[in-house]
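In: Fold the following for me, if possible:
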Amino acid sequence: METFDVIVIGAGSAGVSAALRAAGQGARVCIIEQDRIGGSCLHSGLYPIKFGRGLLKDNKSDFSVNGVINVKKLFLTITETMKRLSHRWEQKLIESGVTIKTGIGLPLSSALVQVGSNGKTFDMGTKKIIIATGSSPVPLPTLPFEGDIIIPTDDIFKNHSIPDRVFIMGGDGSGCELSDFYQMLGSKVFLNSDEPRLFPGQDPDVIDALEQSLKRLKIKLLLGKKISSYFKNNECLDITLAEGIKFQADQIILNLNRQGNSENLKCDTLGVRVGDTKELLVNDKLETSVPGIFAVGSATGRRSRPGISEEEGKIAADNAMGKNKSINYDWIPFIVFAKPEIASVGCFTEQSHYKGFRGIEGNAQSENLDFSFLDNENGGFFKIVADARSGVVIGGQIVSPNASQLISLVGLAVKKGLKVGALVSLATDKSGEIEGIREAARLCSSAIKSNIESL
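Out: Got it, this is the predicted structure:
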């Protein structure tokens with residue numbers, strides 16, 4: 001019987017991250033995957049959506065015939081590229097010394113995993129197990145999945161037709177990115193959320209910027225309203241929301257409920273606690289109720305985003321290797337690939353007192369920065385938030401074309417407990433976006449000094 005230090009079940013972004021992290025520390029690692037390396041992130045989530053938007057932005061003419069997008073050609077290009085990227089992930093695992101097994105992994109105990117493949121089973125021994133089996137979409141009781149009419153986000157690339165009018169239910173980051181993608185494809189987009197604002201837990205200025213961006217794209221925001229009824233009217237859907245709002249759509253995309261893929265893990269016999277939506281319950285070390293068995297990614301019931309999944313994979317791997325680390329979600333950037341991009345890390349000023357800080361911010365408007373003048377980019381901003389007493393950076397928010405990349409610099413300052421002066425002293429070219437971080441830090445530093453002088 002083969003034995004390993006760590007066995008990872010599931011090769012999505014969380015599982016691959018965990019396997020690479022453990023292998024990098026010298027562990028003998030095996031990863032088990034029943035389908036394709038990359039999981040939903042690579043084959044139906046952020047990666048294909050982001051890649052598709054890039055194709056339409058930079059090479060739209062390659063997929064357009066008489067002004068109409070050749071969706072079949074576009075989607076085939078996307079799926080074939082994701083297959084190649086999946087192969088690259090696989091090669092990276094192999095080069096890192098990770099053993100890959102194709103099949104269904106079933107933990108029999110914290111030290112034994114059974115693999116089922118092609119009608120046969122075999123056992124493997126292990127010291128630790130990391131479960132990264134992901135999640136699956138669940139329809140609403142009143143909105144069952146139905147052919148090409150009502151579909152989950154996981155299925156959008158299985159259909160080579162684009163609706164004239166699409167109703168997207170679920171206003172999180174992926175819902176906003178989907179809305180932008182369908183708008184680029186030529187659909188009239190309705191974006192719905194039960195909440196009165198997109199991302200109610202984020203900085204209000206960030207929410208304003210995102211909602212204004214979507215409105216500029218003529219995406220109809222239907223916020224704080226639940227669906228009351230729908231019925232088929234020939235080839236379209238008549239939809240009624242709360243407060244009597246009525247409109248027609250050709251397709252509904254459900255970007256809502258998901259449940260953990262734990263049904264086949266026999267958690268009850270293992271003693272692993274499972275939640276109401278079949279999610280695996282974990283502590284802040286990402287360990288389940290059974291010592292030695294960890295769980296990461298959307299299998300834990302969280303809405304999956306690659307950055308979070310990858311960080312969870314690393315923390316679980318470190319703990320499986322004997323470390324004692326806790327996951328800190330404040331250190332993981334929140335990113336939406338909108339127009340412009342939106343990114344946030346740590347806390348924003350209004351919520352800082354809940355975390356024991358006295359937040360004070362510097363806000364640099366893009367229109368006052370040289371890059372905005374040179375690149376004709378307006379409407380964005382850079383915020384740096386620091387603790388008024390210590391001067392330590394506790395958060396930052398960016399709305400700018402390359403916010404997803406720039407936020408990592410702010411995140412590093414938050415994680416390392418750097419003072420705001422460290423960002424003020426950045427050596428950078430004033431013509432670039434990074435100048436926004438330095439200017440926001442300078443304004444934040446000035447605000448801190450003014451606050452001290454007024455005491």
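In: Would you mark the buried spots in stretch 34-47?
Out: Judged by neighbour count using 16 or more other Cβ atoms under 10 Å, the buried positions of stretch 34-47 are 34, 36-47. C-beta: built from backbone N, CA, C; applies to glycine.
In: Repeat that for stretch 383-395.
Out: For stretch 383-395, using 16+ other Cβ under 10 Å, the buried residues are Lys383, Ile384, Val385, Ala386, Asp387, Ala388, Gly391, Val392, Val393, Ile394, Gly395.
In: now the fourth one, nearest residue through space, not along the chain?
Out: To tie it back to what came earlier, the one meant is Ala386. Val420 (4.4 Å; Cβ to Cβ, 6 or more residues apart in numbering).
In: same thing with His43?
Out: The nearest residue in space to His43 (Cβ to Cβ, 6+ apart) is Met82, at 5.6 Å.
In: Quick check: the one you found touching Tyr47?
Out: Yes. Using Cβ atoms under 8 Å, Met82 is in contact with Tyr47, at 6.3 Å.
In: Mutual contacts of the two, please.
Out: Gly38 (Cβ atoms under 8 Å, 6 or more residues apart in numbering).
In: Report pLDDT for Gly391.
Out: Looking at Gly391, its pLDDT is 95.
In: what's the answer for Leu222, then?
Out: Reported pLDDT for Leu222: 94.
In: Just the CA atoms of stretch 228-242, as CSV, please.
Out: Extracted in CSV, the C-alpha atoms of stretch 228-242 (Å, rounded to 0.1, in the frame of the first residue of the first chain):
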residue,chain,number,x,y,z
SER,A,228,-42.3,36.9,-7.0
SER,A,229,-43.2,34.9,-10.0
TYR,A,230,-42.2,34.0,-13.5
PHE,A,231,-43.9,32.1,-16.3
LYS,A,232,-43.1,31.2,-19.9
ASN,A,233,-44.6,33.4,-22.5
ASN,A,234,-43.9,31.6,-25.8
GLU,A,235,-40.1,31.8,-26.1
CYS,A,236,-39.5,34.3,-23.3
LEU,A,237,-40.0,34.6,-19.6
ASP,A,238,-42.3,37.1,-17.9
ILE,A,239,-40.7,37.9,-14.6
THR,A,240,-42.3,39.8,-11.7
LEU,A,241,-40.3,41.0,-8.7
ALA,A,242,-41.4,42.4,-5.3
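In: got a list of what Gly362 touches?
Out: Lys383, Ile384, Val420, Glu439, Ala440, Ala441, Arg442, Leu443, Cys444, Ser445, Ser446, Ala447.
In: The one helix or strand it maps to pairs with which strands, and in what direction?
Out: Secondary-structure element containing Gly362, defined by DSSP states H and E: strand 359-365. Neighbouring strands of strand 359-365 in its sheet, by DSSP bridges, are strand 381-387 (antiparallel).
In: could you dump the partner strand to PDB, C-alpha only?
Out: Taking Å, rounded to 0.1, in the frame of the first residue of the first chain, the C-alpha atoms of strand 381-387 are listed here in PDB:
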ATOM      1  CA  PHE A 381      -9.700  56.600  -6.300                       C
ATOM      2  CA  PHE A 382      -7.000  55.200  -3.900                       C
ATOM      3  CA  LYS A 383      -7.600  55.000  -0.200                       C
ATOM      4  CA  ILE A 384      -5.200  54.100   2.600                       C
ATOM      5  CA  VAL A 385      -6.600  53.500   6.100                       C
ATOM      6  CA  ALA A 386      -4.400  53.700   9.100                       C
ATOM      7  CA  ASP A 387      -4.800  53.600  12.900                       C
END
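In: Which is the succeeding secondary structure element to it?
Out: strand 393-400.
In: Show me the longest strand that occurs in the chain.
Out: strand 120-131 (DSSP state E).
In: Quickly note the distance from Pro48 to Gly15.
Out: 19 Å (Cβ to Cβ, to the nearest Å).
In: between the two, who's got more neighbours?
Out: Neighbours were counted for Pro48 and for Gly15 using other Cβ atoms under 10 Å; Gly15 has more, 30 against 22.
In: Check which element follows the helix or strand in which that one is found along the chain.
Out: Assigned by DSSP H and E, Gly15 belongs to helix 13-24. Under the assignment DSSP H and E, the closest C-terminal helix or strand after helix 13-24 is strand 29-33.
In: quick one: strands adjacent to that next one?
Out: Strand 29-33 is paired, per DSSP bridges, with strand 3-9 (parallel), strand 99-102 (parallel).
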